[in-house]
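>>> Dropping a prediction and its sequence here:
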Amino acid sequence: MKIRKAAVAGQFYPASPDEIRRMFDYFNEMLEKSIRDPKLLETKTRAVIVPHAGYIYSGFTANVAHRLLGNGGVSRVAVIGPSHRVYLNGTSVSEYDLFETPLGDLPVDRTLAAELIQRFGLGFVPEAHQEHSTEVQMPFIKTYLPDARVVELVYGDENPANLAPVIEWLLSDPQTGVVISTDLSHYYDLTKAKRLDAVCLDAVSTLDPTRLHQGCEACGKIGVEAMLIAARSVGLEPLILDYRTSADASGDSSQVVGYMSAAFIEG
């Protein structure tokens, strides 16, 4: 039994299951108090974009999307994120049996992983699967889709045009959800960060992949572009759910990181 061990528990998110649950309860309490249209919480989606910073900074933003993904009725979730630590040529698909989280292990859909590798010529690079951009999503999935199976895909030097067909194929199965992980601009002052991040938000809200190349500095821009291509192809409509920066949590506006979440819904 091969287990993908939690590599950043206690760093990006709590190692204590009770502490994670308290954070999620707090995020949902904030959401329900601040939301303008409560019907938003009934939205069903099978594809979301989420951030991947520490929960104290971006957990609220990610939680909104994961909560809606939980409405989607999916039984398996592909989590796709950029590699931050290991150089990769292309995309690696995890071939573990279980994904460890403090809330309990998630089973890996080995059948789906094998089919992705065979169908799209992907590989498995074990050292790439200590990645936080994907790992921080797993406690959310365990909370909102507790019986789901997962597959972790980590990409490096990848062409969005190669990744888009993977996403399209995944979404062709109504039991499969897709999570695209990205943060936005990094370490600019708040004014500049918001200006750069507005380009990313505009690209997503208009499903315009070319707009991403006009100033968006998302670290997961490859995955976002692939998602936009796929969404256009299969007729999904974008819905921006939340945008904020690390300054909202830290109070420091001199060097911030931007975070957004979005859902893609059937038109």
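Good, I have the coordinates.
>>> how near is the residue nearest to residue 108 when sequence neighbours are not counted to residue 30?
For residue 108, ignoring the flanking residues on the chain, the nearest one in space by CB to CB, 6 or more residues apart in numbering is residue 96 at 5.1 Å. Just so you know, the C-beta spots here come from the backbone N, C-alpha and C atoms, and that holds for glycine as well. Residue 96 sits 34 Å away from residue 30, going by CB to CB, to the nearest Å.
>>> Between these two, point out the one with more neighbours.
Between residue 96 and residue 30, residue 96 has the larger neighbour count (other CB atoms under 10 Å), namely 21 against 13.
>>> Surely residue 48 and residue 264 touch.
Yes - between residue 48 and residue 264 there is a contact under CB atoms under 8 Å: 7.2 Å.
>>> where along the stretch 1-150 of the chain do the strands fall?
3-4, 47-50, 76-82, 91-93, 98-99, 106-107, 149-155 (DSSP state E, counting those that start in this stretch).
>>> Nearest to residue 208, out of those strands?
Taking CB to CB, strand 47-50 is the member of the strands of the stretch 1-150 of the chain nearest to residue 208, at 14.5 Å.
>>> And the spatially most central residue of the chain, what's its pLDDT?
In the chain, the centroid-proximal residue (CA atoms, centre = their mean) is residue 181; its distance is 3.0 Å. Predicted confidence (pLDDT) for residue 181: 98.
>>> Next: the one 5 residues further on.
On pLDDT, residue 186 comes in at 97.
>>> Residue 138 versus the nearest residue to it once chain neighbours are set aside, what's the distance?
Spatial nearest neighbour of residue 186, chain neighbours left out: residue 257 (5.3 Å); criterion: CB to CB, 6+ apart. According to CB to CB, residue 257 stands 21 Å off from residue 138.
>>> surely the residue nearest to the centre of the chain meets residue 52?
Yes - shown here, residue 181 and residue 52 form a contact pair, counting by CB under 8 Å, at 4.7 Å.
>>> Show me whatever sits in contact with both of those two.
81, 133-134, 136-137, 220 (CB atoms under 8 Å, 6 or more residues apart in numbering).
>>> ok, back up a step: so which of the strands of the stretch 1-150 of the chain comes closest to residue 195?
Closest among those, using CB to CB: strand 47-50, at 19.7 Å.
>>> Tell me which residues are up against the closest one.
Contacts to strand 47-50, defined as CB under 8 Å, 6+ apart, come from residues 61-62, 65-66, 68-69, 137, 140, 167, 171, 177-182, 204, 224, 227, 230-231, 236, 260-264.
>>> swap in stretch 111-124?
76, 78, 90-95, 149, 151, 153, 162, 165-166, 169, 176.
>>> Now the two most distant members of those.
Pairwise distances across the contacts of stretch 111-124 (CB to CB) peak at 24.1 Å, for the pair 149 and 162.
>>> More neighbours: those two, which one.
Taking other CB under 10 Å, residue 149 and residue 162 do not tie; residue 149 has more neighbours (22 against 16).
>>> Just give the closest residue to that one, not the sequence neighbours.
Counting by CB to CB, 6+ apart, the residue nearest residue 149 is residue 109, at 3.8 Å.
>>> ok, now residue 89?
residue 157 is the one closest to residue 89 (CB to CB, 6+ apart), at 5.2 Å.
>>> how many other residues sit next to the one you found?
Residue 157: 11 surrounding residues under other CB under 10 Å.
>>> Looks like it contacts residue 91 (just checking).
No - with contact defined as CB under 8 Å, residue 157 and residue 91 do not form a contacting pair (9.7 Å).
>>> What is the neighbour count of residue 253?
For residue 253, using other CB under 10 Å, the count is 14.
>>> do you know how far it is from residue 220?
Residue 253 sits 23 Å away from residue 220, going by CB to CB.
>>> list the buried ones in stretch 20-29?
For stretch 20-29, the neighbour count (16 or more other CB atoms under 10 Å) marks 20, 23-24, 27 as buried.
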